[in-house]
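J.: With the input below, show me the fold.
(chains A, B, C, D, E, F, G and H)
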There are 8 protein chains.
Amino acid sequence: MRDMSGRILFDMAREARIGLPEAVYCEGKDFESLRDLMGRFVRGSGKRILFTRLRPETFERMPEGVRAGYDYDPLSRTAVGESFPDRGEKAGVVAVVSAGTSDAFVVHEAARTLAYLGFRTRLFEDCGVAGLWRVEQNLPEIRKADVVIVCAGLDAALASVLGGLVSCPVLAVPTSVGYGVASGGGTALRSMLSSCAPGIAVFNIDNGYGAACAAARILSLKAGG
Amino acid sequence: MRDMSGRILFDMAREARIGLPEAVYCEGKDFESLRDLMGRFVRGSGKRILFTRLRPETFERMPEGVRAGYDYDPLSRTAVGESFPDRGEKAGVVAVVSAGTSDAFVVHEAARTLAYLGFRTRLFEDCGVAGLWRVEQNLPEIRKADVVIVCAGLDAALASVLGGLVSCPVLAVPTSVGYGVASGGGTALRSMLSSCAPGIAVFNIDNGYGAACAAARILSLKAGG
Amino acid sequence: MRDMSGRILFDMAREARIGLPEAVYCEGKDFESLRDLMGRFVRGSGKRILFTRLRPETFERMPEGVRAGYDYDPLSRTAVGESFPDRGEKAGVVAVVSAGTSDAFVVHEAARTLAYLGFRTRLFEDCGVAGLWRVEQNLPEIRKADVVIVCAGLDAALASVLGGLVSCPVLAVPTSVGYGVASGGGTALRSMLSSCAPGIAVFNIDNGYGAACAAARILSLKAGG
Amino acid sequence: MRDMSGRILFDMAREARIGLPEAVYCEGKDFESLRDLMGRFVRGSGKRILFTRLRPETFERMPEGVRAGYDYDPLSRTAVGESFPDRGEKAGVVAVVSAGTSDAFVVHEAARTLAYLGFRTRLFEDCGVAGLWRVEQNLPEIRKADVVIVCAGLDAALASVLGGLVSCPVLAVPTSVGYGVASGGGTALRSMLSSCAPGIAVFNIDNGYGAACAAARILSLKAGG
Amino acid sequence: MRDMSGRILFDMAREARIGLPEAVYCEGKDFESLRDLMGRFVRGSGKRILFTRLRPETFERMPEGVRAGYDYDPLSRTAVGESFPDRGEKAGVVAVVSAGTSDAFVVHEAARTLAYLGFRTRLFEDCGVAGLWRVEQNLPEIRKADVVIVCAGLDAALASVLGGLVSCPVLAVPTSVGYGVASGGGTALRSMLSSCAPGIAVFNIDNGYGAACAAARILSLKAGG
Amino acid sequence: MRDMSGRILFDMAREARIGLPEAVYCEGKDFESLRDLMGRFVRGSGKRILFTRLRPETFERMPEGVRAGYDYDPLSRTAVGESFPDRGEKAGVVAVVSAGTSDAFVVHEAARTLAYLGFRTRLFEDCGVAGLWRVEQNLPEIRKADVVIVCAGLDAALASVLGGLVSCPVLAVPTSVGYGVASGGGTALRSMLSSCAPGIAVFNIDNGYGAACAAARILSLKAGG
Amino acid sequence: MRDMSGRILFDMAREARIGLPEAVYCEGKDFESLRDLMGRFVRGSGKRILFTRLRPETFERMPEGVRAGYDYDPLSRTAVGESFPDRGEKAGVVAVVSAGTSDAFVVHEAARTLAYLGFRTRLFEDCGVAGLWRVEQNLPEIRKADVVIVCAGLDAALASVLGGLVSCPVLAVPTSVGYGVASGGGTALRSMLSSCAPGIAVFNIDNGYGAACAAARILSLKAGG
Amino acid sequence: MRDMSGRILFDMAREARIGLPEAVYCEGKDFESLRDLMGRFVRGSGKRILFTRLRPETFERMPEGVRAGYDYDPLSRTAVGESFPDRGEKAGVVAVVSAGTSDAFVVHEAARTLAYLGFRTRLFEDCGVAGLWRVEQNLPEIRKADVVIVCAGLDAALASVLGGLVSCPVLAVPTSVGYGVASGGGTALRSMLSSCAPGIAVFNIDNGYGAACAAARILSLKAGG
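T.: Numbers count the residues shown, from 1 in each chain, chains lettered A, B, ... in the order given. Predicted structure coming up:
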C-alpha cells in the first residue's frame, strides 16, 4: 500500500555550514536501519558520522565487516568510523569534571565526541561537593583548561561550586543519576539552570554530545581569534 | 441558616504532649478572627502561642491594646506575647546559615521561633557557594553549633556543601527565592532532598518555623541525655 | 582514544570530618565496578563502607570470596563488611515505625544502616492510621525511643499522627508504595512536607539510609551533651 | 459584527432529571451578567438556583432589590433566593468535619448547599490529627451522622483517620490551604485519593458544593429505601 | 543483625468498626509473604480477606492447597477465600458502567469486590460517549440501580454524561487506559474531578476496589434507613 | 547605551504566502508600542491586522483618533481596522459551540476572527453535556455547518460528544474555565487531546484565534476544490 | 461469580454517522480478545475495522487463517482486512512530512490510515529544521497537497516553519522521540500547541491515526464542496 | 530579640576570581535594603555592581542623589553606576536575536549586561520563524558575530533554526512570553533543551543576564587565545 524504500535524507552539508557533521542518535532506531547506516560510514569511507547511544548488545549484533570498521566504546556507547585529525593542545583543552562514578557514561560521551572532533580533554571524576577537598585538590589543573564541562546528577551542586571558581566557559550537563525526586535528572537540570554562579550554560539531561559540540563551537572561536 | 459562633478549638495540651505549643499560621485567615485570637494571648495572659506569617499591614490594623501586648517583628512576620524563658547556652545553640539576603525572612522566622522557645541562635547570612570562601571563613564558628539550619533558594547547593563539612544535625529549608525554573522554591526543595551529603533533613518551602521546631525536638534530647 | 583506568576517588576522610563514612549506592553501577569495589572492603579490611541498593541477584553473582566477606541482607539490599562496634542502649535507641508491610524494604534499610553505625533500633511495622489502635497500642514503647523514623507511602498520614504524639525528633521517609496518584511516592513526600504536626523532618523517597544518617547525627549530639 | 444578546441557556429540567437544580458558579463571570441573572431568581420567584463563589464585594454592588431577595452568606460565598423546604432529621444528617479554621469557607459552602437542598448538617471544626484527641472527643457525635464530609488541606491526614473510624459514606474535600508543596490543595487532593482507609470518595479542591450534592444523592437513596 | 520474623499486624477489628474487612493489595509484595498470607485465609478458615492486584502468574505459583482454597479471577486479579453471604436484590444493586473494553479489569475488580461483600451488580460495558446511543440504549436499565460506578480512561467524558442523566450516587473511577497525555490515567482523573455534572465522587486511578467499598458504605445506609 | 528605536518587523508578506495576515497579540506589550502600532492600521489604511487580547481598559486609553479607527469588541477583546469583505454563505459556515457562558470570551474571539477574515459563523452556547438535551436540540443546525469549533473548559466532555455526532472537521479549544484541578485549562486540554472520538483537532488553551485560522485554512480548501 | 461473556459492543453505526468507521486500539488488550476480534473482520467479511498499535509479535501469534485475512504492516503496526476503495487524486492528497527517521512509525500510521480510508498520501521524511534546505527543497511538492500532516518529536520546530510556509490545513502530530526533557513527546506537544504560526491543529502524542481521521473529515468537505 | 544590622556580605573578590563582578537581583528585595545598596555603588565609587530586575517604579522612588549616580534603563530594568571600559570590536561582538517584540526585555537585559562588561552587541529583533525570510534576510549580518544569543518564547523554534545556520556558539534564552501551555516560558525552555541543532547552550527563563555572562566568559577566551 505504500512505498517503503526508507531512504534517509542526511544533512551532509552540515559540516560545511556549521562546522559540526551530522550524528546519528541510535536509541529507538531498529536494527536493520542501523546496520545499513553503519555499513556506509566505516573507517576509510571518507565520510564522518558519529553514532551515539549505541548499546553494546546492538553493536555486537553487527556483521563482522561493520564492527571492524568502527572504534566502538561501550562506556560512552559511541562508535566512530572516520574521525577528525587531532588538532593538538593549541586548539584548546576541555576539562570534563564529574560528581560521581555513575556520571561516567555522560563524561565519556562528551570526551569521545570531542576526540572525534579533534579536540583534547582531561577528565576529573568523583569531585562531588560532599567532599569539597576533591574539587579543591584538582582546581589548579582544571583552571588550565579552556572550557569546563561539568556532569552531575542528584542536586548538581558541583556546577555552582565550579562556576564560582573558574573564569572560562562552564557547560553543565545534568545526568539521570539518582532516585526519588532526583530520578530522571530533572532535579539536576533545574538546579543547574538556577545556579547562583553567573554564566553557566546548560544542556539536556545526559547530553554529553551536545556539550561537546558547544565546546567545539567555542574552541573554533579561539582558533579564529 | 447556620450557627456562626466560629469557636476555634485550640490544642492547648500540645505543649504537655510534645513540648511544642500550638502556633497560628495567619496567612489566609480573616482580620476579625485574628484580632480576636490575638486579644486572648497577649503578654501577661500566661498562655503561649506563636503567630507566624503575620503581615506588617495586618498587625498595624490591630487595636492599640493588642499591639502593645506583642513583640512583633516585620522581617520574620512573627508575633509573640508570652515566650519561654531563655534556656541559656547550655541548652544548645543553633546556627542559621543562609545563601543570600533574599532568604532573610526564612532565616529570621527560624531564629524568632527558637528565641520564643528559649533557645539561642547565631546567624550566618550570605554564604552562597558561588563565593565559597564565605562558607569557609565562617566554618569554625558554624562548627561550634549543636544544630545547623540551612536556608537557601535557587539551586540550594549550600545544603550539600555544609552537609559535607559539619557533623551535627543539618536541617535544610528551601526558600521561594528565584525565578524561572527556580520560582516558588521547588528546585531548591528537590535539590535538598537529593543532596549527596548524607543525613540532610528537609522541610517545606519557606518553613523556618518547622525547622526551628525540629531543632527544639533535637535539643530537648540533648538536655535529657 | 582515552584512558579508561576508571579509578574511583573515595572520600575516605568523610568519617573523620562528619562522623559518617562514605557509602556506595549500587543501583545503576555496572557489575565489574561493584565487584572490584566490594573486593576492597571485605570484613577484616579495616575499612568501613556500606553498600546500599545492592540487588540480591547482583550479590549472588559476586565471587565466593567477596560474598564470604560480607553480611548481606536481601530485604534491605545492604551489604556490610566491617561495621562499627555496638554503642549500646545508652548511645540512644531509634524506633522505626511503618504504615504497612510494603514499606519493609525502607524500614530495614534504615535499621541496617543504624546497626552498621553501632546504634540500636526497635521496629514497629503495620501501624497504618486506618487502624488507629495499632499506633496507640505501640505508643508507650515508641515513646521510649530517642528518635523516631516513620516510613510510609500512599498518603503518609502516619507521620502527622505520630508527630502529634511524641516529643522526640521525628524523621519521615516517604516510600514508593502505592499506585495511581500515589505511585513513585510523590504523594507521600508532599504529604509529609505539608504535615500539620510541627517539626517533622523529611527525606527523599525510599531514603532509609539518609534518615538513619540523620538519626546518627542527632544521637552523636546526645552523646556529646 | 455579531449578535450579543447573551442569552444563557439554563438546564431547568435538571432538577426533575437528577434531583439537583442547576447552580451558578460566579467566579469569573462579569458583573452585568450576574446582576441580570440574580434579578431573575429572587425569593418568591419560585425558581431555585444556588449562587456559589459569589464574593462579598460583588454582592454588595448588587442593586438593593436584588440584595433584598437573597440570603447571602459571606463566609461560604453563597446566595440563595428560593430554597427547598427543610426535610427534617429523618431525611438524614450530614456531619461536616474539618482539620482547621482555614478550611471554614469550604465547610460552610457544603453546609449551605445542604441547607438549601433541605438537609441538616452538624459541624465539627478544628479536628486536625496533630491533636488526635479532638477527633476522638467528637467521634461519638460524628458516628450518629448518615454521611460524613471531611474538609482538609495540607496533608489531609484527617480523611484517612476518620475513614478508618466510621462506617458511613465518607466524602473528602481537599482544601487549598497551605503553602509550599501544599499550596493550591494538590497535596491534599492526592493524599485523599491515596488514602489507606477503604472507600473514601474524593472531590475537586475546595468543592464543598460538589460534596454536598453527592451527599444529597446518597440521602435520597436512604429516603427511597 | 536484626529480627526478621516479619509478622504482619492485621486490622481484624476493621470489619466490626467500619463494616469493611481488611484487604491485601498484592502488587509489590514478595511471593513468600503472599504465600504465607494466603495459606491463612483459605475457604473454611472463617476469616475474610480479599486479595487484590494478584497477578495470574503469581497465583499459579501458589501451592495446590492454597489455590484450591480460593476463588481466583484473572481478569479482576482478585482472590477470595471466605466471602459474605449474598444480601439479595433488596440490599441494593450497583450498576458498573464502562467506556471501553480496556476498562474491563477495573470494572471487574469493582464487581468482584461487591460480590465478595454480598452485593449484586449489573455490568454495562462499552458505553463510550463517541457512540452516544450506547449510553442511551442502556439508560433505562442503569436508572434502576441504587448506585452507579463509572469506569473510564482517556477523557472520561462518560462520567459527566451519566452524572447528568441519573439521580442516584455516581462513583467515578478513572482508568489507566490510553497513551500520550492520557497515559497513566491522570487525564481521566482530572477530567472526572472537574466534571460539570454535580456530585460526582472520584477515586484513585484503577481503584475499582475503593469504589466498591464506597458503594457498600452507601448501601449499608439504605439498609439501615 | 543602546539604540531604542524599537522598530517592529512585520511579516506583511504572510497574507500572500499563507492566506492569513499577521495578528498582534496585545497581552504583555506596553501601552506606547500598542498605541503606535494601532495608529498605523486604522480603518482606511488599507492594511489588515487583527489585534487580539486587547483589554478594554487599554483600548479606552487610546487617543480618540485611534479609537475611532477601530471596531473594538470588549467581550472578545479584539480590534479590527480594515477587515476582509464578507465571503458569503457559499464560502462556508462555521458553527461555534460552547459548554457554558464562561467560555464566551473564547467563543467570540473565534467568531470575531472569522468575521474579520470574511467567514460567517453561527453560535451555539451553553451546550454542556451535563444537560445533554441542549446538544441534541441544536444538533440539526450544527450539522449544517462546514466546520465546528468547540470551546469548553473543565472536563471538556462536549468535544467528545460532538465529535461522535458530526462528520465535518471538529476544532477543539480548551478554555481556562474552572478551579482546582481544572484551573488554567490544562485538564480541558488534556481531555480534548485524549478524546475517544476520532479526528478531533486541538488548539492551545483559550486560543479561539488559532481555531478560527485553522477553519479559514480548511474553508479555503473548500473554495479551491 | 459473574458472567464473563465479554461481548464487545461495537459502534458499527459510526461510519454512517460521522463517515469514519470504528477502529480498535490494540495496545493493552489481551491476545484472546484480539484474536477473536480479528477473526470477525477479515478481508471479505464486508465489515471495515482498522487495527492500530498491533505489535508484530502479536500479529505473528495469530492463527494462519487470521493472518491471511489481513494486510499487516509492521512499521505502522496496523492491520486492515477490508478497506475503502481508492478515491483517486481528485478526492485530495495529503502530504505527510516528518523531522527525522525516528518519526517513521507515526508517519506510516497516518499514511496507512488514509490509504485504508481511500485517500492518497505523499511522504516527505527527514525534513528537520536543523538542515533547513531539506524543507525548502521539498516545499514546491508539499504545497501541491490539500492537507499537510507534520510529525515531529524533540522541539517540533518543523511545525512552525511549515505552518508559516503553506496555506492549506496543517495537522501537527508530536512524536515520543527524544530523551531527557523531550522524552515521551510532551515537549513536542507543548511546542506545537504554542506555535507562532497561525492555525496549526494539534493531536495527541504519536496519534497518526487521529490526524489521518481529521484529514479525512477535511477532505470530505472538499468533496462535498 | 535579635540583631538586625542586616549587613550584606558581598563577594567583591568574584571579579578577580572569575572575571565577572557580583550582581544584585532586585526582585523581591525590600526598598530600604536596595536604597542603601545603591547608595554605595554610584558612578564614581570605583566599585562595579550591576543591578538587574529593578522595576521603574522602584527606581523612581530612589533619592535624587542615588538616581543621579546611575544609568537606568526601564526596558531592561537594569541600573549601572560604574561600568567596564568599552573593549572595542576586536574583543568580539555578540548578536542578540529575538523572535518577537515581546522578548525585548530579555534582549535588552542581555545587551545592557554586555555593554556594562565592555562588550559590543548588535540586535536583530522580530525574527520569528513563522516568517522565515526575516531570519534569512539577517543571516549574513548575524554570521559576522562571534557569539549569538537567541531570545524566544512560545515554541522557541528560532533557536533550532539558527543553530543549524551558524557555526559560532549559540546561547539560547527562553522567555516567559505566551499563554496557555506556553505561559511562564517552560515550553520554550524545554524546546531549546531538546533542540535538534547540535551544541545549543541554554539558560534559565528570561535570564538575559546569564547568557551575557556566558558570552563574556567565551569572549575572554578569544582574547586570551
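J.: Centre of the chain to the longest helix anywhere in chain A, how far?
T.: Counting residues, the longest helix in chain A under DSSP state H turns out to be helix A:208-224. Here the centre of helix A:208-224 is set off from its chain's centre by 11 Å, with C-alpha atoms, centre = their mean, to the nearest Å.
J.: does chain C sit close to it?
T.: No - judged by C-beta under 8 Å from any C-beta of the partner chain, helix A:208-224 stays clear of chain C, getting no closer than 12.7 Å. The C-beta positions use only the backbone N, C-alpha and C, and glycine is treated the same way.
J.: got the angle between that helix and helix H:208-224?
T.: 50 degrees (axes from the mean of the first three to the mean of the last three C-alpha atoms, to 10 degrees).
J.: Could you pull out the buried residues of helix A:208-224?
T.: Buried residues in helix A:208-224, counting neighbours by 16 or more other C-beta atoms under 10 Å in any protein chain shown, are found at A:208-222.
J.: does chain G sit close to it?
T.: No - with C-beta under 8 Å from any C-beta as the measure, helix A:208-224 is seen stopping short of chain G, the closest distance being 9.8 Å.
J.: For that helix, which helices and strands make contact with it?
T.: strand A:93-98, helix A:104-117, strand A:147-152, strand A:170-174, strand H:200-202, helix H:208-224 (3 or more C-beta pairs under 8 Å, 6 or more residues apart in numbering or on different chains; DSSP states H and E).
J.: At which residues are the strands of chain A located?
T.: With DSSP state E as the definition, chain A shows strands at residue ranges A:23-25, A:50-52, A:71-73, A:78-80, A:93-98, A:120-124, A:147-152, A:170-174, A:200-202.
J.: will you turn those into a markdown table that also has mean neighbour count and distance to residue C:160?
T.: Shown next, in a markdown table, are the strands of chain A (neighbours: other C-beta atoms under 10 Å in any protein chain shown; distance: least, C-beta to C-beta, whole Å):
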| stretch | mean neighbour count | distance to residue C:160 |
| --- | --- | --- |
| strand A:23-25 | 20 | 47 |
| strand A:50-52 | 23 | 48 |
| strand A:71-73 | 18 | 51 |
| strand A:78-80 | 25 | 50 |
| strand A:93-98 | 25 | 40 |
| strand A:120-124 | 20 | 45 |
| strand A:147-152 | 31 | 34 |
| strand A:170-174 | 31 | 33 |
| strand A:200-202 | 33 | 38 |
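J.: Output those in TSV; the columns should cover mean pLDDT and distance to residue B:65.
T.: As requested, these are arranged in TSV below (pLDDT from 0 to 100; distance: least, C-beta to C-beta, whole Å):
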stretch	mean pLDDT	distance to residue B:65
strand A:23-25	92	71
strand A:50-52	96	72
strand A:71-73	96	77
strand A:78-80	96	75
strand A:93-98	98	62
strand A:120-124	97	65
strand A:147-152	98	56
strand A:170-174	98	56
strand A:200-202	98	54
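J.: Present these as a markdown table; the columns should include distance to residue B:55.
T.: What follows is the strands of chain A, written out as a markdown table (distance: least, C-beta to C-beta, whole Å):
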| stretch | distance to residue B:55 |
| --- | --- |
| strand A:23-25 | 52 |
| strand A:50-52 | 54 |
| strand A:71-73 | 59 |
| strand A:78-80 | 57 |
| strand A:93-98 | 45 |
| strand A:120-124 | 49 |
| strand A:147-152 | 39 |
| strand A:170-174 | 38 |
| strand A:200-202 | 36 |
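J.: quick one, which of the ones you listed is nearest to residue G:56?
T.: Nearest to residue G:56, of all those, is strand A:23-25, at 23.0 Å by C-beta to C-beta.
J.: Give the partner strands of that closest one in its sheet and their orientations.
T.: Taking DSSP bridges as the criterion, strand A:23-25 sits next to strand A:50-52 (parallel) in its sheet.
J.: Alpha carbons only: can I get the lowest-mean-pLDDT helix or strand in chain A in PDB?
T.: Across the helices and strands of chain A, mean confidence by mean pLDDT, DSSP states H and E is lowest for helix A:14-18: a mean of 86. Taking C-alpha atoms only, helix A:14-18 is exported to PDB below (Å, rounded to 0.1, in the frame of the first residue of the first chain):
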ATOM      1  CA  ARG A  14      26.000  20.500   7.900                       C
ATOM      2  CA  GLU A  15      29.700  20.200   8.400                       C
ATOM      3  CA  ALA A  16      30.400  22.900   5.800                       C
ATOM      4  CA  ARG A  17      27.600  25.100   7.200                       C
ATOM      5  CA  ILE A  18      28.200  25.000  11.000                       C
END
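J.: ok now that helix, how far from the chain's centre?
T.: Between the mean C-alpha location of helix A:14-18 and the chain-wide mean there is a distance of 19 Å, by C-alpha atoms, centre = their mean.
J.: List the buried residues in that helix.
T.: Taking 16+ other C-beta under 10 Å as the basis for neighbour counts, the residues of helix A:14-18 that come out buried are A:14, A:15, A:17, A:18.
J.: again with stretch A:129-142
T.: Buried residues in stretch A:129-142 (16+ other C-beta under 10 Å): A:129, A:130, A:131, A:132, A:134, A:135, A:138, A:142.
J.: Against chain G, how distant is the fifth one?
T.: By that I understand residue A:134. When distance is defined by C-beta to the nearest C-beta, to the nearest Å, residue A:134 is 27 Å away from chain G.
J.: Run a quick neighbour tally on the residue of chain A found nearest chain E.
T.: Chain E sits closest to residue A:184 of chain A, with a gap of 15.0 Å, by C-beta to the nearest C-beta. Residue A:184 has 19 neighbouring residues, counting by other C-beta atoms under 10 Å in any protein chain shown.
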